[in-house]
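>>> All I have is the shape, not the residue letters:
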């Protein structure tokens, strides 16, 4: 959703300073919460949680079970049960909601706001009766004439403290909440004194800034490590429904669980119809409450300890997309003279008469516009984020005495106001607490930029037609349409857990092409598909960029990989300017902020930890999740607020009483007929009814395997006369929850109806060392006296090493060998499920009648889901729940 730039004035900066002053003196008593709510926060229940009243428990179970149904559904079920069982007393809908609120302590705080979404009437605006931005009345004029003050619009804030208390009062979740501190202490203890770097970087627990605060005791064992995220959303595609939403994340919980729905805490819901003009006024109630709890301390009942302990929340990170972050962080935005969000000091350049600056390193040819005529800038000369530099610049900005001085200092510093976060007593200092949003940068901004360059549709040039540029390889409809067909024809070869596979980009790019589609298309498909379309220099620059970004998504990033990523991104940034901008002032606009921002990413990993854990992806998922539950289109914003509050209460309730969490109960259950073979591996149906004899070439592969595993029985067998029977299994679940399938069942479907998931990476051992091979699974089975689980696979030919090195390790091309590559492997050597995409146009393949799918002698390139993305957001395959 496009967010317009908000013009911040000197008066706005003064208002922000007042918000900060109020935060610095925050207390629970000064908040707008009811006294009984404050008392519950200060005096939480100090006993194990249990619902003893069976009727109340039944009422809550029914309420949770019909969460997405209408109120009439609950009432109808209540009446039916009480009609059949008169002794059972089911609570009314009002009472069950009130009971859940009392049991969890989770409430929403409502505050008035401008009917045009300009401001929230909080903090310095609390006494205003008219909006200072648009002049609209705060209260309904009709009811005001009757002597009643009723706000025309309100917004709701869900406060994180009560949810944190509920999580610690849960036996299971309280143990999860200890993960961050325990892991941080282990990292500190295992790092030699004076070491220049950690041995690996995983999650935010590897952040140098957070580890320092654990080491000096600022963050203690029971302190909640808070992460805040905010973004704009459009609830309906063809209706005015803009709003803003936020959430809180708990860094205490391991990333495999942190981003699950049960642990995401909805924050503030800001109704539309317009974008906020003073975002601080809407964040103030939540931040005031958090600041008060930080100053006072948050008492919690720690269920495993059976004791009351103190938790002092710590604000670690604030996250938003580019325009939202400018409002949140208090920077000028990415088109300012110093527009870098990392505040590296790069002075941008602009075209004559154009107010937008671009982060170009190279000086334009000719006579550049004043302010853009400085010499070439070396990447090595740019600094990293600095608290001292930020504070110096902020003091300069605050010294402005009139609007003229303010505008001059705003341009010179890259700041437009202090951030509201600076009012929190316990937080990472600015700018460290504002990480770059790797998701929007790498999944949307960068792919969209290069797509417009390759199509010749980028706007902004006045002296030349972008379709005539060398890079515009899809300037003609014929070539663009052919590429779209190739992308579409790759879809059957991509496993189902790749969320949304890229559709025909030529047909769908202007009709809601999703970020996940762009990501797969650009980072998985483009290096292979464009190597014969882009000229060599342009293709190599693409590969440098793809490899540099892809390294940052690894589950575990080693220091040498950070260095490698930095080297490739440095080369990609410089080559982007040389090739696409070419010092031409008319092309200055192709040096977009996203190209510069992603260059900072490797350095930020060292400071802040893995950046994929600090993106807007959880926010985007929450928007889609809550937006899909709206049942009152006539008043969507109020309904959205109710849904968000209900989500908070349900999460707290399920944490307190696991009996109420039906989803969690299902997680430990295996599908019907499944066989757990240990270490997270599970064989899944379909299963053949009996053992059947297999063809000689397959039997030879089994004999070779068994002669090594059970030589006393099989070493002397004659291969020419050897026959063998196996009882086949169709699928295997891996420890990361991906499901590997098999040709045995997949070849019952034509390509048109398939999302192939039978290609895997396998660890093999040769010459006393392990190597990774790519293979197609034919089927799974158990063999030998010990019923050893194995897979019959067809190993692809070796990787084209020349292409692999030329492509900066982004294109891994293999030839399918069919039966000539057959061998048997232990299933626990299978490490991941991958896609194998045809390395040709595929026009000769009939998707309606092709049941083989992979063809001997054809070449295919590897597509893998990004490493940490698998770990964080899961790869649940709907096929898990299907019996074949």
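Yes, it's here. Since the model is a prediction, treat every value here as computed from it, not as a measurement.
>>> A strand includes residue 776, no?
Yes - under DSSP: H, G, I helix; E, B strand; the rest coil, residue 776 falls within a strand.
>>> for it, what are its contacts?
By Cβ atoms under 8 Å, 6 or more residues apart in numbering, residue 776 lies in contact with 743, 758, 759, 760, 793, 794, 796, 816, 836, 854. Every residue, glycine included, has its C-beta placed from N, CA and C.
>>> which among those end up buried?
743, 758, 759, 760, 793, 794, 796, 816, 836, 854 (16 or more other Cβ atoms under 10 Å).
>>> returning to that earlier point: can you tell me which of the contacts of residue 776 is nearest residue 368?
residue 836 (49.2 Å; Cβ to Cβ).
>>> Go ahead and confirm that closest one touches residue 860.
Yes - when contacts are counted by Cβ atoms under 8 Å, residue 836 is listed as touching residue 860 (3.9 Å).
>>> Are there residues contacting both of those two? Which ones?
493, 796, 814, 816, 854.
>>> and those residues as a markdown table, adding secondary structure and pLDDT?
Compiled in a markdown table, the shared contacts of residue 836 and residue 860 are given as follows (DSSP: H, G, I helix; E, B strand; the rest coil; pLDDT from 0 to 100):
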| residue | secondary structure | pLDDT |
| --- | --- | --- |
| 493 | helix | 96 |
| 796 | coil | 97 |
| 814 | strand | 97 |
| 816 | coil | 97 |
| 854 | coil | 95 |
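>>> Reformat these as CSV; add distance to residue 337.
As requested, the shared contacts of residue 836 and residue 860 are exported to CSV (distance: Cβ to Cβ, whole Å):
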residue, distance to residue 337
493, 47
796, 52
814, 49
816, 54
854, 55
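>>> Let's see which of the contacts of residue 776 end up in strands.
Among those, the ones falling in strands (DSSP state E) are 759, 760, 793, 794, 836.
>>> which two in the residues you listed are spaced the farthest apart?
793 and 836, at 12.7 Å, using Cβ to Cβ across these.
>>> so where is the stretch 651-800 of the chain shaky, pLDDT-wise?
Within the stretch 651-800 of the chain, the stretches with pLDDT under 70 are 664-668, 766-768.
>>> What of the chain?
Using pLDDT under 70, the chain drops low at 1-7, 236-241, 632-634, 664-668, 766-768, 842-843, 867-884.
>>> 50 instead, please
Counting by pLDDT under 50, the ranges of the chain that qualify are 1-4, 875-883.
>>> Mind giving me the packing neighbours of the longest helix anywhere in it?
In the chain, assigned by DSSP state H, the helix with the most residues is helix 636-656. Applying 3 or more Cβ pairs under 8 Å, 6 or more residues apart in numbering; DSSP states H and E, one finds that helix 636-656 contacts helix 54-65, helix 93-104, strand 108-112, strand 154-158, helix 160-168, strand 242-250, strand 265-270, helix 617-627.
>>> Of all those, which one is nearest residue 80?
Here helix 54-65 is closest among the helices and strands packed on helix 636-656 (Cβ to Cβ), at 10.4 Å.
>>> what inclination does that closest one have with respect to helix 93-104?
Helix 54-65 and helix 93-104 meet at an angle of 100 degrees, taking axes from the mean of the first three to the mean of the last three Cα atoms, to 10 degrees as the criterion.
>>> May I see the buried residues of helix 54-65?
So helix 54-65, judged by 16+ other Cβ under 10 Å, has buried residues 56, 58, 59, 60, 62, 63, 64.
>>> ok, so of those, who is nearest residue 114?
Closest approach between the buried residues of helix 54-65 and residue 114, by Cβ to Cβ: residue 63, at 34.5 Å.
>>> Find the nearest non-adjacent residue to the closest one, please.
The shortest distance from residue 63 to any non-neighbouring residue, by Cβ to Cβ, 6 or more residues apart in numbering, is to residue 96 (4.9 Å).
>>> burial count for the one you found?
19 (other Cβ atoms under 10 Å).
>>> That one: what's it in contact with?
59, 60, 63, 74.
>>> Same check on residue 544?
By Cβ under 8 Å, 6+ apart, the neighbours of residue 544 are 568, 569, 571, 572, 575, 808.
>>> same check, this time on residue 100
60, 63, 649, 650, 653.
>>> ok, now residue 114?
Per Cβ under 8 Å, 6+ apart, neighbours of residue 114: 120, 121, 131, 133, 134, 136, 138, 153.
>>> can you tell me which of those lies nearest to residue 316?
For the contacts of residue 114, the nearest to residue 316 is residue 120 (24.6 Å; Cβ to Cβ).
>>> The closest one reaches residue 155, doesn't it?
Yes - if you go by Cβ under 8 Å, residue 120 and residue 155 touch, sitting 6.0 Å apart.
>>> which residues do those two both contact?
111, 113, 270, 282.
>>> Of the residues you listed - the most surrounded one?
residue 270 (27 neighbours).
>>> Now that one. Nearest residue, chain neighbours left out?
Residue 270 sits nearest to residue 244 (Cβ to Cβ, 6+ apart), 3.9 Å away.
>>> how many other residues sit next to the one you found?
Neighbour tally, residue 244, other Cβ under 10 Å: 25.
>>> Test my guess that it contacts residue 232.
Yes - using Cβ under 8 Å, residue 244 is in contact with residue 232, at 5.1 Å.
>>> Residues that sit against both of the two, list them.
Between them, residue 244 and residue 232 share the contacting residues residue 275, judged by Cβ under 8 Å, 6+ apart.
>>> what about the helices in the stretch 451-600 of the chain?
Under the criterion DSSP state H, counting those that start in this stretch, helices of the stretch 451-600 of the chain are mapped to 477-489, 505-508, 515-519, 526-529, 536-550, 559-576, 593-599.
>>> for these, which one sits closest to residue 70?
helix 515-519 (32.0 Å).
>>> What sits closest to residue 343 if chain neighbours are left out?
Nearest residue to residue 343 in three dimensions, chain neighbours excluded: residue 431, at 5.4 Å (Cβ to Cβ, 6+ apart).
>>> residues near that neighbour, how many?
Burial measure for residue 431: 22 neighbouring residues, criterion other Cβ under 10 Å.
>>> residues contacting it?
329, 341, 342, 343, 385, 386, 387, 390.
>>> about what we covered before: now the contacts of residue 100 as JSON lines including distance to residue 291?
Listed next are these as JSON lines, based on distance: Cβ to Cβ, whole Å:
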{"residue": "60", "distance to residue 291": "33"}
{"residue": "63", "distance to residue 291": "34"}
{"residue": "649", "distance to residue 291": "24"}
{"residue": "650", "distance to residue 291": "27"}
{"residue": "653", "distance to residue 291": "27"}
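>>> one step back: ok, so of the buried ones among the contacts of residue 776, who is nearest residue 70?
Nearest member of the buried ones among the contacts of residue 776 to residue 70, counting by Cβ to Cβ, is residue 758, at 43.3 Å.
>>> still on that earlier bit, okay, the contacts of residue 776 in a markdown table with distance to residue 781 next?
Shown next, in a markdown table, are these (distance: Cβ to Cβ, whole Å):
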| residue | distance to residue 781 |
| --- | --- |
| 743 | 13 |
| 758 | 15 |
| 759 | 19 |
| 760 | 16 |
| 793 | 12 |
| 794 | 15 |
| 796 | 21 |
| 816 | 22 |
| 836 | 23 |
| 854 | 21 |
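>>> And the residues you listed, which is closest to residue 227?
In terms of Cβ to Cβ, no member of the contacts of residue 776 lies closer to residue 227 than residue 760, at 34.7 Å.
>>> Let me see the contact set for that closest one.
Counting by Cβ under 8 Å, 6+ apart, residue 760 has contacts 740, 774, 775, 776, 777, 793, 830, 831, 832, 833, 834.
>>> 7 Å - rerun?
740, 775, 777, 830, 832, 833, 834 (Cβ atoms under 7 Å, 6 or more residues apart in numbering).
>>> And for residue 352, the neighbour number?
With other Cβ under 10 Å as criterion, residue 352 counts 10.
>>> i'd like the first residue to be 50 from this point on
Done: numbering now begins at 50, and the last item shifts to residue 401.
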